[in-house]
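>>> Fold the stuff below for me.
(chains A and B)
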Amino acid sequence: MTTELVHPDRLQKLAALREAGVDPFPARGVENEPIATLIASGGTQAAPGARIGTQACIAGRLLALRDFGKLMFAPVLDLTGKLQVGFQKARLESWWERRKWLDGGDLVGVRGELGHTQKGELTLWASEVVLLAKSLAPPPEKWHGLSDVEQRYRRRYVDLWASEGVRAVFVLRSRMVSLVRRFLEARGFLEVETPTLHPIAGGATARPFVTHHNALDADFYLRIAPELYLKRLIVGGLERVFEVSRNFRNEGISTRHNPEFTMLELYQAQADFRHMMAHTEELLEHLARELLGRTQLEFRGKPYDLKAPFPRRRYDELFRAANGCELHERAAVARRAQELGITLPPRPGASAEAHHWALATEVFDHTVEPLLEGPMFVTHFPTPISPLAKCDPADARFTERFELFLGGMELANAFSELNDPEEQQRRFAEQVASKDPEAPGEVDLDYVQALEYGMPPTGGLGIGLDRLAMVLANQDSIRDVLLFPTLRPLGKD
RNA sequence: GGGCGCAUAGCUCAGCCGGUAGAGCAACUGGCUUUUAACCAGUAGGUCCCAGGUUCGAUCCCUGGUGCGCUCACCA
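Sure, this is the predicted structure:
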């Protein structure tokens, strides 16, 4: 009836409990106090707090049992913290033999008196113990927790309580997203939800997942970005919108990439990329202060400071400094690419122009990006690689666009949104003609039509929330900030 | 997809030159009223990832496969 995880001894205890009339899976919980509030009011043995000597009730998971015959100690863990429970035979005479039916991992409710041990540890001296749910599968080794990375990801429900620090990462992530929402709502932004099923995969360059709707007998793509729908809402007059968007990209998995990931995208009418830069700086500094209490942090062993303002450097300047040639000089860039051993997958029918820019982007990514410790805004991306961004009025070869880099990683991408429908259609057409396997296969005419009705000057910003959580929680791998990262399904044998 | 590495008890890991496997924790039995990686004595627990091959004999060597990690490529 159960899986191989279940330990036979625990089944025997389960039977013994039932025989004694104890329901090992009772329908009701107990009215408990968070452990953290007890710790806060418990004080030390030298200076006891207000709650010492008073009754309290906690509920949580038994992490270990230290049995001395007539005395037993056990740490109990709830969401907020860990508290030692002390069981004394003298206080629990009728229950005492039933302690043998308890195991590490069991969920219990404990009522008792708050006090200290001889060594000064805050302890709840139990007067009443309720089994809330029997744990039939034994917990992992008690001081290593789960260390097999695969097991940690596959059985996160164990990892979260068995491995030190794991819960804190996800609590931080949850608070981060909550702070983002409050930050934007305070600035007049509306949170919206746009489709996940897209007839055309647009708003970014990436290979999409394809799925099929039976009743419509039509293929859909899982969204690679919500951008084009959010800008339709700007046309619709919503003026300030944001979405916390789960995006799906059918590409490689790495410490920085998961097939499904979460982005914040926001759009603001009457704003441009400079406003987006200000939002980015303010938001990151605000999050660091709220979550860490300071703007300095460590990520992948290096120090960073999220105190605004962040330095700004132009894309073409960084390119020139790293490569000694001009971004627009086709022959020089081609030579440089050859030096670096960069080759592009063949794209039959692609124009020389498209080839040049694909190559230049590669050279930039190899020579500049890894060196950008940051935080740093890289500004004025070339127009040919920014099909949705408005051109710099002073120089149409570049756009009003920036990306934010930190630790060699792209954290944010923003621009003044292109709102000229004719130019947008032309740029889409160039993208389709580039034969880039990751570019959309067709022009999104419905989006162009939306622009034909008129979209106000608009600034847009996207921030990778998983990566931001990595930085704020100092986690090296994106999988450590995803509760259930994508893994290969287990075989059925 | 390429390269490198890992897979042994529920968990964390040893296992030498090829001779059918060990420890700690967890579990079980007994002892113990102040531990916190509790301690002491004892017991039980194994498809050595899977399939082939070499060999008298394979956890060990070889080939293939599966899963995972790191890394490169690609991407955010």
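>>> Check for me that A:Val244 belongs to a strand.
Yes - under DSSP: H, G, I helix; E, B strand; the rest coil, A:Val244 falls within a strand.
>>> Could you report the separation of it from A:Ala204?
Going from A:Val244 to A:Ala204 by CB to CB, to the nearest Å gives 16 Å. For every residue, glycine as well, the C-beta is placed using N, CA and C.
>>> Who are the contact partners of the nearest residue to A:Glu33 once chain neighbours are set aside?
The shortest distance from A:Glu33 to any non-neighbouring residue, by CB to CB, 6 or more residues apart in numbering, is to A:Ala56 (5.8 Å). By CB atoms under 8 Å, 6 or more residues apart in numbering, A:Ala56 lies in contact with A:Glu33, A:Leu38, A:Arg111, A:Gly112, A:Glu113, A:Leu114, A:Leu124.
>>> Quick one: the helices in the stretch 351-493 of chain A, in order.
A:352-367, A:421-433, A:445-452, A:465-473 (DSSP state H, counting those that start in this stretch).
>>> picking that back up, taking the contacts of A:Ala56, tell me the two that lie furthest apart.
The span of those, defined through CB to CB, is set by A:Glu33 and A:Glu113 at 13.4 Å.
>>> can you give me the offset of the top strand by length along chain A from its chain's centre?
Ranked by residue count, the top strand of chain A under DSSP state E comes out as strand A:122-133. In terms of CA atoms, centre = their mean, to the nearest Å, the centre of strand A:122-133 is found 36 Å from the chain centre.
>>> what does stretch A:82-92 give?
With CA atoms, centre = their mean, you get 39 Å for stretch A:82-92.
>>> Just confirm yes or no for it near RNA strand B.
Yes - counting by CB under 7 Å from any atom of the strand, RNA strand B is contacted by stretch A:82-92 at A:Gln84, A:Gly86, A:Gln88, A:Lys89, A:Ala90.
>>> so where's chain A shaky on pLDDT?
Along chain A, segments meeting pLDDT under 70 span A:1-4, A:345-349, A:490-493.
>>> domains of it?
Annotated domains of chain A cover A:8-139, A:166-311+A:374-481 [automatic domain parsing].
>>> now, which of the contacts of A:Ala56 lie within strands?
A:Arg111, A:Gly112, A:Glu113, A:Leu114, A:Leu124.
>>> Of these, which are in range of RNA strand B?
Restricting the ones in strands among the contacts of A:Ala56 to those near RNA strand B - CB under 7 Å from any atom of the strand - leaves none.
>>> Do a quick rundown of the helices in the stretch 1-150 of chain A.
A:8-19, A:35-42, A:149-154.
>>> again, but for the stretch 201-350 of chain A
According to DSSP H, counting those that start in this stretch, the helices that the stretch 201-350 of chain A contains are A:227-235, A:273-292, A:315-323, A:330-339.
>>> Same list (those helices) but as CSV, adding distance to RNA strand B and mean neighbour count.
Formatted as CSV, the helices of the stretch 201-350 of chain A follow (distance: least, CB to the nearest atom of the strand, whole Å; neighbours: other CB atoms under 10 Å):
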stretch, distance to RNA strand B, mean neighbour count
helix A:227-235, 11, 22
helix A:273-292, 14, 19
helix A:315-323, 14, 18
helix A:330-339, 10, 15
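>>> residues contacting the residue of the stretch 301-450 of chain A found nearest RNA strand B?
Proximity of the stretch 301-450 of chain A to RNA strand B (CB to the nearest atom of the strand) peaks at A:Glu410, 2.9 Å away. Contacts for A:Glu410 were tallied using CB under 8 Å, 6+ apart; they are A:Glu369, A:Glu403, A:Leu404, A:Gly464, A:Arg467.
>>> Select from those the one having the most neighbours.
Using other CB atoms under 10 Å as the neighbour criterion, A:Leu404 leads these with 26 neighbours.
>>> Could you tell me how many residues sit around A:Ser477?
Neighbours of A:Ser477 (other CB under 10 Å): 14.
>>> what does the stretch 301-450 of chain A have sitting close to RNA strand B?
Counting by CB under 7 Å from any atom of the strand, the residues of the stretch 301-450 of chain A near RNA strand B are A:Ile342, A:Thr361, A:Glu362, A:Asp365, A:His366, A:Met409, A:Glu410, A:Asn413, A:Glu438.
>>> give me that answer again for 6 Å
A:Glu362, A:Asp365, A:Glu410 (CB under 6 Å from any atom of the strand).
>>> of the contacts of A:Ala56, buried ones?
A:Leu38, A:Arg111, A:Gly112, A:Glu113, A:Leu114, A:Leu124 (16 or more other CB atoms under 10 Å).
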